[in-house]
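**Q** With the input below, show me the fold.
(2 chains)
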Protein chains: 2
Amino acid sequence: MQHTFDIPTSINNMKPETIGLEEGPICPLPFTHNEVIVMGHGSGGKMSHDLIKKYFYSYFENELLLAGNDAAVINIGNATLAFSTDSHVVKPLFFPGGDIGRLAVCGTVNDVSMMGAVPLYLSAGFILEEGFEIITLSKILESMRTVAEEAGIQIVTGDTKVVQKNQADGIYINTTGVGLLYPGSNITGSRAQPGDAVILSGSIGEHGLAVLEARGELGFSSGIQSDVAPLNRLVRALIDAVPKDAVHVLRDPTRGGLATSLNEIAQQSRMGIIIDENKVTIQPAVRSVCELLGFDPMYVANEGKLICIVEEEFAHKALMAMHNTRYGENAAIIGYVTNQPQGRVLMTTTMGSTRILDMLSGEMLPRIC
Amino acid sequence: MQHTFDIPTSINNMKPETIGLEEGPICPLPFTHNEVIVMGHGSGGKMSHDLIKKYFYSYFENELLLAGNDAAVINIGNATLAFSTDSHVVKPLFFPGGDIGRLAVCGTVNDVSMMGAVPLYLSAGFILEEGFEIITLSKILESMRTVAEEAGIQIVTGDTKVVQKNQADGIYINTTGVGLLYPGSNITGSRAQPGDAVILSGSIGEHGLAVLEARGELGFSSGIQSDVAPLNRLVRALIDAVPKDAVHVLRDPTRGGLATSLNEIAQQSRMGIIIDENKVTIQPAVRSVCELLGFDPMYVANEGKLICIVEEEFAHKALMAMHNTRYGENAAIIGYVTNQPQGRVLMTTTMGSTRILDMLSGEMLPRIC
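**A** Numbering: from 1, shown residues only, chains lettered A, B, ... in the order given. Here you go, the predicted model:
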């Protein structure tokens, strides 16, 4: 199998422990009971993972949860379903290209889709702050309705709670989704195999920067629009184009960005991943704003992109299928799965060097979803 | 069919419109776009229903949602499932008899059970406030774990978001559940039929008052404990005891209390319900505190009780089965379903008179779940 990347021997020969690779999904972590929640625990990066492993996994320990995917795969009656939840606390509620309503529907539609499932039904739980304007609520509901229609899913059950002023920030929305697994597909974060191609469905970094701009933190108009979109039709096209078990992993690089999602996959699969910086599409405006603010676009959140890890033999078929869909026009093969270094992501840079691309540590942009 | 209640002719002969009965599930309501959310919109009573009908139902209109039950019944593959969501914002987080964790698990386990389904899997979405103590989080997770084990369900997928200080109140928890419908059962709020018995599984009003006491608003210790409990085993016992389609409606009288839930059923079924105040069990401490504070226990929230509407012929069998379960020892037949007055609940009082028992209007105790 010919890959276009060479792994530097110095990194390739490292033993997992020398590069700090965690040995299993649950490991002792440096929390003490005196600690408090900080914004970084919501980043989607290392701090989030540590909190989840140390607390949520240890209390609720079960195989389905510990799989660590975007959605749990559950068997009920004769059906195999994907089941996923996401609470949305984005600030501000409206941003270029979307709003909390569109985000809440797409977030869960996408998580269910990433298990190779057809999302069908959503629940919606609203926490409203006293004094929140009903006209704003209406706009958000209209946005949810519109994108639910686009995605072909139904919102079938809901809940509304109201809290006093200064106990929320206008509106928080939880959506939880169920979908039916494509028969024969077996998509999970632990299935990346050496030689598999890594496809990215489009350009990165737009969502995080669009939200930042909406906060007025840019001080100018960049023209960047959030990419927030439902990816279920893209997933369907791609799965239909290749043999059912050829797609090994799907993941949407949201909080923590592309770098964090690739690291999650590398750790779950105990494989290495090597990507080529030149192959990762970044819009010029995103590149400029990131340079200005000192952000690395590899860590900026996306809400309408996916990573597909597929048998190399079928990578081009998958790519062609993605190119024919609305949200996959700019899909590209950005790298490959390797045996070594286990649990690590490497990137050959535009300068020709290779560096370790780590998981987001701490917190970069709070409340982007 | 002999009932122990007489409906006064004056009420019985009222036409629906003269007693303000709504003609259908969606109707024009007096909201204007200048309005804002107030605490009463979260009461579970009339204001909540109006908001839901005017906005949520009209934007997300679909048959499953409009059924207006505690959970949606969905068909996926060959399975028929109940699917329900609840966000929990109770204040304070710990109260006599429970905490937000126990409440979050039981709330959804019970909503799924109320469709005549076996709850199997739960998702948990956490919104954490910056500065929230991790030791408190641990206690809540332990409580969720314990009651999940008691109920025999698994928490299989989750999400964690963090918001800044003063943008939440410590922790909010959304749980969403899926369960498998008992084959042959057909339980829905619109199936109450004339002559059906109305069973209440135990005493009312404890949860709301326990939360109030925990807020320090009582100024003394009443000894009242919240009844928060998982009712899935009680539902199973009751359904197994009678022919599969003999149970017509199940509902847990949470926000808005017994009176509001009975009104919901009367409206959904377009039937009357008449209950006997003497048959409704109220603990002496609950009665005393309610008298002191001017609350009507009929409107105080419960979190471990259910209303069962069952064919009269099988009412005693159902009752016996409930008596043999942990949370149904004090179950009693409290009334009957009648043809008239459509959509209304009447109560023969301890004084021998009959009065209309309306839905909770406005807000009594905010944030009790």
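**Q** hmm, what's the outermost residue in chain A?
**A** What lies farthest from the middle of chain A is A:Gly131; by Cα atoms, centre = their mean that is 32.8 Å.
**Q** ok, that residue - contacts?
**A** With Cβ atoms under 8 Å, 6 or more residues apart in numbering or on different chains as the criterion, the residues that contact A:Gly131 are A:Lys165, B:Val36, B:Ile37, B:Val38. All C-beta atoms are positioned from the backbone trio N, CA, C, and that covers glycine.
**Q** before we move on, what about A:Leu258?
**A** Neighbours of A:Leu258 in contact, by Cβ under 8 Å, 6+ apart: A:Leu200, A:Ile204, A:Val280, A:Met298, A:Tyr299, A:Asn302, A:Lys305, A:Ile307.
**Q** Select from those the one having the most neighbours.
**A** Taking other Cβ atoms under 10 Å in any protein chain shown as the neighbour criterion, A:Lys305 ranks highest of the contacts of A:Leu258 with 31 neighbours.
**Q** Now that we're looking at that residue, what pLDDT does it have?
**A** For A:Lys305, the pLDDT comes out at 98.
**Q** With the one 3 residues further on instead?
**A** pLDDT recorded at A:Cys308 is 98.
**Q** what does the longest helix seen in chain A contact?
**A** Scanning chain A for the longest helix, with DSSP state H as the assignment, gives helix A:134-151. The contact list for helix A:134-151, computed with Cβ under 8 Å, 6+ apart, reads A:93-94, A:98-102, A:104-106, A:109, A:119, A:122, A:124, A:128, A:154-155, A:170-171, A:173, A:230, A:232-233, B:31, B:33-37, B:55-56, B:59-60.
**Q** what mean pLDDT does it have?
**A** Across helix A:134-151, the per-residue pLDDT values average to 97.
**Q** residues touching A:Ala79, list them.
**A** The neighbours of A:Ala79, taking Cβ under 8 Å, 6+ apart as the test, are A:Leu180, B:Ile76, B:Gly77, B:Asn78, B:Ala79.
**Q** what pairs with the last one across the strands?
**A** Right, B:Ala79. B:Ile76 (DSSP bridges).
**Q** Distance check, it against B:Val109.
**A** B:Ala79 sits 19 Å away from B:Val109 when distances are taken as Cβ to Cβ, to the nearest Å.
**Q** got it, and the first one?
**A** Here A:Leu180 is placed at a distance of 24 Å from B:Val109 (Cβ to Cβ).
**Q** of these two, who's got more company?
**A** Higher neighbour count among A:Leu180 and B:Val109: B:Val109, with 30 against 17, using other Cβ under 10 Å.
**Q** Please identify the buried residues of the helix or strand hosting the more buried one?
**A** Per DSSP states H and E, B:Val109 falls inside helix B:100-113. Neighbour counts over helix B:100-113 (16 or more other Cβ atoms under 10 Å in any protein chain shown) mark B:100-113 as buried.
**Q** count of residues packed around A:Glu63?
**A** 9.
**Q** now A:Gln225
**A** Neighbour tally, A:Gln225, other Cβ under 10 Å: 17.
**Q** thinking again about what came up before, what separates the residue farthest from the centre of chain A from A:Val90, distance-wise?
**A** Look at A:Gly131 and A:Val90: by Cβ to Cβ, they are 19 Å apart.
**Q** Flag the shaky bits of chain A, pLDDT-wise.
**A** For chain A, the stretches with pLDDT under 70 are A:1-33.
**Q** show me where it has strands.
**A** Counting by DSSP state E, chain A has these strands, from start to end: A:72-76, A:79-88, A:94-95, A:98-99, A:117-129, A:154-163, A:171-181, A:197-200, A:247-251, A:272-276, A:307-310, A:332-338, A:345-348, A:354-356.
**Q** Ok, which of the ones you listed comes nearest B:Ile265?
**A** Closest to B:Ile265 of these is strand A:154-163 (Cβ to Cβ; 17.7 Å).
**Q** Quickly run through the sheet partners of the closest one, with directions.
**A** strand A:117-129 (parallel).
**Q** hmm, back to that, which among the strands of chain A is found nearest to B:Thr260?
**A** That would be strand A:154-163 among the strands of chain A, by Cβ to Cβ, at 14.6 Å.
**Q** Show me the beta-bridge partners of the residue in the stretch 151-300 of chain A that chain B sits nearest to.
**A** Chain B sits closest to A:Val162 of the stretch 151-300 of chain A, with a gap of 3.0 Å, by Cβ to the nearest Cβ. A:Val162 has these beta-bridge partners by DSSP bridges: A:Leu128.
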